[in-house]
Structures are given as structure tokens and as C-alpha cells.
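Peer 1: whatever this is, show me its structure:
(one chain, ligands or ions: 1)
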Amino acid sequence: MDLKSNHSSPVLTDSAPLSKLRLGLPSNMSPYSPAASPYSSSGLYLTIPRIINGKLEDVRVNGWLDAMIASSPPRKKLSKDIIYESQTDDHDAAYQTWMISYPSALNSFHLITSYAKCKTVALFLDYDGTLSPIVENPDHAFMSSAMRAVVKEAAIYFPTAIISGRSRDKVHEFVRISELYYAGSHGMDIMGPVRVSNSIDVHPDCIKTIDSQGKEVHLFQPANEFLPMINEVYKSLIEVTSDIIGIKVENNKFCVSVHYRNVDNKMWDEVGVRVFGLINGYSRLHVTYGRKVLEVRPVIDWNKGKAVEFLLESLGLSQRDDVLPIYVGDDRTDEDAFKILRESKCGFGILVSNAPKETTSAFYSLRDPSEVQEFLKSLVRWRKSTALQTENIASEYI
Ligand SMILES: O=P(O)(O)OC[C@H]1O[C@H](O[C@H]2O[C@H](CO)[C@@H](O)[C@H](O)[C@H]2O)[C@H](O)[C@@H](O)[C@@H]1O
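Peer 2: Numbering: from 1, shown residues only. Predicted coordinates for the structure are as follows:
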């Protein structure tokens, strides 16, 4: 994981990548001009798919609606606010089959600790759906005190970082553990340790600052120049979606989330029309899909995987064969981190999912946050016991 060779700005100069989804607006047209009004679903836009009698019509042009539906599997509520993806017997059989390729990290614990033996384990943890269960209201995604206790203890034994799509401040507010490193906005806002390293010090977007504890830290915000644009888009998204019941627009500092979890699914196409209609006017922004959320992000060569590399470098843990990075996450955006670890062959990803996923670069799986908690607890227990064994062996020689 050589960051030294990667000093150029992660901001892409090609402002209109092929992967960017477009609905037909010329990119130089202001999203505010009447002709390009994002309130309209006709005229300049392509035909918009509708759900008629429970069926999706005109599936040829509705790439984004398909993606919105695909990223939102059927769900059931287990308790007042907590949501789980639904499971039938067939589904469970499919899950068991899938687990042959992506075994449970709990069942494979002995194997994992055999890799981890005599190594520094570095933990990277996603927040929503990993440390806290998925809930209807994003502002209520609280972490349980039991989870907080286990993460806090894990941070004593392993360098630990939270890498979230939320803003760094927001995720810190939820987690409330000062011993961790935090990366918000899908890794575009990292507060990590200060390390004298050429590859980091020379980066123009990396500055030394003081954190809330008065500690000197490195702050890395590679999408800094997008801040005014993101703020403008956040306000516009609120405006253009204000009449859609259940919609929630969340400002995540360097990206914006448009949640449609609580929107009637007959209106999901309209959500897409409004969001893509607006973002089409911004050639340097693009839209990605999360769990019932459209995420507006800068077109920049930076993601959660790069954030993992950056933090390993900052911690002095990159380029070492006595380090085992483990990344635990549930979302598509976590795949970038799984991929980096798989390709570098130095660590591995654990996908949190109770449904089989078609493709993932993770090696292991865990069903839900309660299994994540169990896994972290076991890891701490294992590290404590190995530390004790080392102490006992050492005392035999005194
Ligand atoms: O990278 P993460 O920490 O997993 O953040 C990804 C997004 O998570 C949040 O949304 C998701 O969780 C909500 C609370 O459970 C849920 O209501 C929503 O439907 C999910 O998409 C967060 O609100 C987003 O801003 C993050 O980008």
C-alpha cells in the first residue's frame, strides 16, 4: 500500500466519467433554468418508469429506478424502530449456500486468529448497519451502550477507525469514543494521528491541526474545494424535493444523502427524477446508491478504500507484513475497502448482511450488528488471552 506514488490530487480532471448516470440534460444547462426545471418529469427527461398494477413499466430506460429498488431489499420490522431485511425459508437456504463462499467470521474465528497471531490487528468499522442497526429515521441510528463498550475496549488493543458516509462530526456524536480515528463523508474527511511521513506531509489537502482533546492531529479533506458546491446542492435538493412526503435530505459535509426509505414506493421514480434532474447540472458531482438512499458525491478519486490506505500509512502500519487490517461494513461503499484489502493480500473484509449479496470483495460475513458485537468481543478476549500467555511465558524465564 504505497501512498508515496500517489501524491497527485485525487480530484479528477475528467469531470464527466462514463459511469455517471444521465437523464438527458446538457451538462452546461443550469439546473435552475425553467426549461430544466427538476420539478417536471417530461420534456427534456427520458421516459420515466412508473409502477402500474404492481409492475414496473418501461424498464429499458430506468437504470436508476432499478438500482434504487435493487439497493432496497424487502424488509420487516423486528422491533419498534429496527428494520431487518425479510427472510423466508428459501431465502435462508440461499443464505446458507452463499455462506459457503463467505463464511461467518464467528464460525471462522480460529482461522482468523491464526492469521492474526503475532500481528498488529488494525480495525476499520463502518457505522450504519454495522455498529448500529438500520432504522427508519437516520437521526435515530443510535449505537447501543453494549456496542460502545466493546468498541472502546477493542480500541485499547487494536488501532481502530470508524469510516462512515456520515459527516465526521455526526458519526463522532453517535459513537462518542475519543480513542478512535474517524473518517466521515465516505473517507473524504479524515482525522488521524500525526505521523512524520513524506507521503502525507506534502499532500496539499492534509494539514496539522488540534482536535477537541487538544491533541495534534492530521486532517485530510481531499474534496475541500467542493464544499460550497455541496452546500448549494444540499439547499437545492431540499427545495426540489420539499413536496415529497417522507423524503429526508441529509448534509454529510462533502456529500449529501437523499433518503427515500419513508417515501411511498410509487414516488421513488419521482425522487430519481428530482435528484438526477438537479445533479445533471453539475458535471463534477455524481450519484451513488446506498440502502434506500441516493448519495450525491464529488467526482473524485477517493473512497473508503483509499481512506483505509491513508490511515494505515498515518499509523505507520502500511508496507508491513506483521499487520492485519480487518474492515467490517455492510454497504456498497464498503466494497472499495474490501477490494483494497483483497488485492493487497494483507487483510480482509467482513460483509455484514443477512441476505446473500451477488458480488462482494469481502472474505467473511456476519449477519447483523449483534454478530459484529460478538465478533469484536471475541477478538478482544482472544488478544487479552494471548497477552496473558506471553506474560506467563516471559515470567517463566525471570
Ligand atoms: O457508511 P455508513 O456509516 O454505513 O453510512 C451510510 C449511510 O448511512 C445512513 O443511512 C442508512 O442508515 C439509516 C439509519 O439506519 C437509514 O435510515 C437509511 O435508510 C440508510 O441508508 C446515513 O443516514 C447516510 O447519510 C449514510 O451515507
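Peer 1: OK, contacts around the residue of the chain found nearest the ligand?
Peer 2: At 2.7 Å from the ligand, Gly165 is the closest residue in the chain, using Cβ to the nearest ligand atom. (Each C-beta comes from the backbone N, C-alpha and C, glycine too.) Gly165 makes contacts with Asp128, Gly184, Ser185, His186, Asn252, Cys255, Ser257, Gly290, Glu295, Asp331, Thr333, as judged by Cβ atoms under 8 Å, 6 or more residues apart in numbering.
Peer 1: kindly identify which of those also come near the ligand.
Peer 2: Checking the contacts of Gly165 against the ligand by Cβ under 6 Å from any ligand atom, the ones in range are Asp128, Asn252, Ser257, Gly290, Glu295, Asp331, Thr333.
Peer 1: Ile163 - how many residues pack around it?
Peer 2: Per other Cβ atoms under 10 Å, the neighbour tally for Ile163 reads 30.
Peer 1: again with Asn137
Peer 2: With other Cβ under 10 Å as criterion, Asn137 counts 11.
Peer 1: pull out the buried positions in the helix or strand harbouring Thr386.
Peer 2: For Thr386, the enclosing helix or strand under DSSP states H and E is helix 369-396. Neighbour-count burial for helix 369-396, counted by 16 or more other Cβ atoms under 10 Å, picks out 369, 371-380, 382-383.
Peer 1: what residues does this structure put near the ligand?
Peer 2: 126-129, 134-136, 138, 141, 164-166, 250, 252, 257, 259, 261, 290-293, 295, 331, 333.
Peer 1: which of those fall in strands?
Peer 2: With strands defined by DSSP state E, the entries of the residues of the chain next to the ligand inside them are Glu250, Ser257, His259, Gly290, Val293, Glu295.
Peer 1: now do the second one, the pLDDT please.
Peer 2: In other words, Ser257. Ser257 is assigned a pLDDT of 98 by the prediction.
Peer 1: count of neighbours near it?
Peer 2: 20.
Peer 1: next one: the first one
Peer 2: Neighbourhood size, Glu250 [other Cβ under 10 Å]: 19.
Peer 1: residues contacting it?
Peer 2: Pro138, Arg166, Val256, Ser257, Val258, His259.
Peer 1: so which residues of the stretch 51-200 of the chain form strands?
Peer 2: 51-52, 55-56, 75-77, 83-85, 120-125, 160-163, 181-184, 189-193 (DSSP state E, counting those that start in this stretch).
Peer 1: if we can go back for a sec, just name the closest of the contacts of Gly165 to Pro228, please.
Peer 2: Pro228 has its nearest neighbour among the contacts of Gly165 in Cys255, at 14.0 Å by Cβ to Cβ.
Peer 1: show me the beta-bridge partners of the residue nearest to the closest one when sequence neighbours are not counted.
Peer 2: Ranked by Cβ to Cβ, 6 or more residues apart in numbering and with sequence neighbours excluded, the top spatial neighbour of Cys255 is Arg297, at 4.4 Å. Arg297 has these beta-bridge partners by DSSP bridges: His286.
Peer 1: so where is the stretch 151-300 of the chain shaky, pLDDT-wise?
Peer 2: The stretch 151-300 of the chain contains residues with pLDDT under 70 at 196-202.
Peer 1: how many residues are close by Gly187?
Peer 2: For Gly187, the neighbour count with other Cβ under 10 Å is 27.
Peer 1: touching, it and Pro298? I think so.
Peer 2: No - applying Cβ atoms under 8 Å as the test, Gly187 and Pro298 come out as separate, 11.8 Å apart.
Peer 1: next, count neighbours for Asp66.
Peer 2: Here the count is done by other Cβ under 10 Å, and Asp66 has 12 residues near it.
Peer 1: just Arg342 next, same as before
Peer 2: There are 17 residues near Arg342, going by other Cβ under 10 Å.
Peer 1: what of Asp169?
Peer 2: By other Cβ under 10 Å, the residues close to Asp169 number 12.
Peer 1: ok, it - contacts?
Peer 2: Counting by Cβ under 8 Å, 6+ apart, Asp169 touches Gly184, Lys253.
Peer 1: how does it look with 10 Å?
Peer 2: The neighbours of Asp169, taking Cβ atoms under 10 Å, 6 or more residues apart in numbering as the test, are Tyr182, Gly184, Asp189, Asn252, Lys253.
Peer 1: next: Ala362.
Peer 2: Applying Cβ under 10 Å, 6+ apart, we find Ala362 in contact with 101-102, 105, 327-330, 334-335, 337-339, 341-342, 348-353.
Peer 1: same thing but at 7 Å, please
Peer 2: If you count contacts by Cβ atoms under 7 Å, 6 or more residues apart in numbering, Ala362 has them with Tyr102, Phe338, Gly349, Ile350, Leu351.
Peer 1: how about the last one: what's its closest non-neighbour residue?
Peer 2: If I follow you right, that is Leu351. Once flanking residues are discounted, Leu351 sits nearest to Ala362: 3.8 Å by Cβ to Cβ, 6+ apart.
Peer 1: ok, back up a step: the helix holding Thr386 - contacts with which helices or strands?
Peer 2: Helices and strands touching helix 369-396, by 3 or more Cβ pairs under 7 Å, 6 or more residues apart in numbering; DSSP states H and E, are helix 145-157.
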